[in-house]
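> following is a predicted model, sequence given first.
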Amino acid sequence: MNNNINFETFLLINPKKIIISVNTFSEFKNIYQKELTIENTSDQIDFEKLDYFLSQNILKIEKILNDFIKRIHVIIDQKQFFSLELSIKKNNYENFINHKSLNYLLNEAKENCKKTIDERRIIHMIIKDYYINNIKYSSFTESNKSGNLSLDLNFICLSNSFIKILEKKLKKYQISIDKIVCEDYVKNSLINDEKNIFYMTKKILNGFNSNEVLLVNKKQKNVGFFEKFFNFFN
């Protein structure tokens, strides 16, 4: 088995439909895609329908691939998420404002968010605006002056109970969740003629939004210099 290095699997779940899509890793050529439309009057995910859908498709996919699906990216409907906006400020009068200052502030913001979200997991951490010495910037710029740095952030969170149910459904097929993303966040990132929500998900997971702090697993090693400042343990 090739440990899934040649393909990526995506699962979109919302109350009205479920889609599974398998694509080649490098060229993102579609290998398999199937959709289930659901008649659902509520805003809740139908996990029984998801269970049925997986039972009808996973083995088919694995036969086509001649490999097991071990990990999967999951795109979840916006209504399942909780959003929190937070502003945080640090006075940095003794030192220049640099990536180290930003690193410190983002870690502090993340810890403050954790105290508020209770039994939820941070899925997306997005910097909306930067303020350096009270001047607003859309992206981070190091300053050769001391002063203060403040951030406006948006946290998109998902309940641990929801994640545990989803993990249990996938575990039946020996599949674990690689990454979770918010469906509306992906859709709002679609630009120009890009219509493929799965390809945009891949781009987001690879750092498409330079103002998103990519959350990585504690066990991940060998991150690059830039990522050491901008990726934080989830």
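Right, received. Where do you want to start?

> low-confidence ranges in the protein?
1-4, 93-94, 216-234 (pLDDT under 70).

> so who does the spatially most central residue of it touch?
Centroid-nearest residue in the chain, with Cα atoms, centre = their mean: residue 181, separated by 3.8 Å. Counting by Cβ atoms under 8 Å, 6 or more residues apart in numbering, residue 181 touches 73-76, 123-124, 201, 204-205. From N, CA and C alone the C-beta is placed, and that goes for glycine too.

> with those in mind, which one is nearest to residue 39?
Set against residue 39, the nearest of the contacts of residue 181 by Cβ to Cβ is residue 76 (19.8 Å).

> how many neighbours does the closest one have?
22 (other Cβ atoms under 10 Å).

> any idea how far residue 136 is from residue 143?
14 Å (Cβ to Cβ, to the nearest Å).

> the more surrounded of those two?
Shown here are residue 136 and residue 143; by other Cβ under 10 Å, residue 143 has more neighbours (17 against 10).

> checking my notes, residue 140 in a helix, right?
No - Residue 140 sits outside any helix when classified using DSSP: H, G, I helix; E, B strand; the rest coil, being coil.

> quick check: residue 73 touching residue 183?
No - here residue 73 does not reach residue 183: they are 12.0 Å apart, not a contact under Cβ atoms under 8 Å.

> what residues are up against residue 149?
89-90, 92, 97, 101-102, 105, 130-132.

> can you put those residues in a markdown table and add neighbour count, secondary structure and distance to residue 147?
Shown next, in a markdown table, are the contacts of residue 149 (neighbours: other Cβ atoms under 10 Å; DSSP: H, G, I helix; E, B strand; the rest coil; distance: Cβ to Cβ, whole Å):
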| residue | neighbour count | secondary structure | distance to residue 147 |
| --- | --- | --- | --- |
| 89 | 13 | strand | 11 |
| 90 | 15 | strand | 10 |
| 92 | 21 | strand | 6 |
| 97 | 23 | strand | 6 |
| 101 | 21 | helix | 10 |
| 102 | 20 | helix | 13 |
| 105 | 21 | helix | 13 |
| 130 | 20 | strand | 13 |
| 131 | 15 | strand | 10 |
| 132 | 19 | strand | 7 |
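
> now, among the residues you listed, which is nearest to residue 164?
Ranked by distance to residue 164 (Cβ to Cβ), the contacts of residue 149 are led by residue 105 at 31.4 Å.

> what sits against the residue lying closest to the closest one once chain neighbours are set aside?
Closest residue to residue 105 apart from its sequence neighbours, by Cβ to Cβ, 6 or more residues apart in numbering: residue 90 at 5.0 Å. Residues in contact with residue 90, defined by Cβ under 8 Å, 6+ apart, are 101, 104-105, 108, 148-150.

> in the sheet, who's paired with residue 90?
Residue 90 has these beta-bridge partners by DSSP bridges: residue 149.

> sorry, back to before: isn't there a helix covering the residue nearest to the centre of the chain?
No - counting by three-state DSSP, residue 181 falls outside a helix, being strand.
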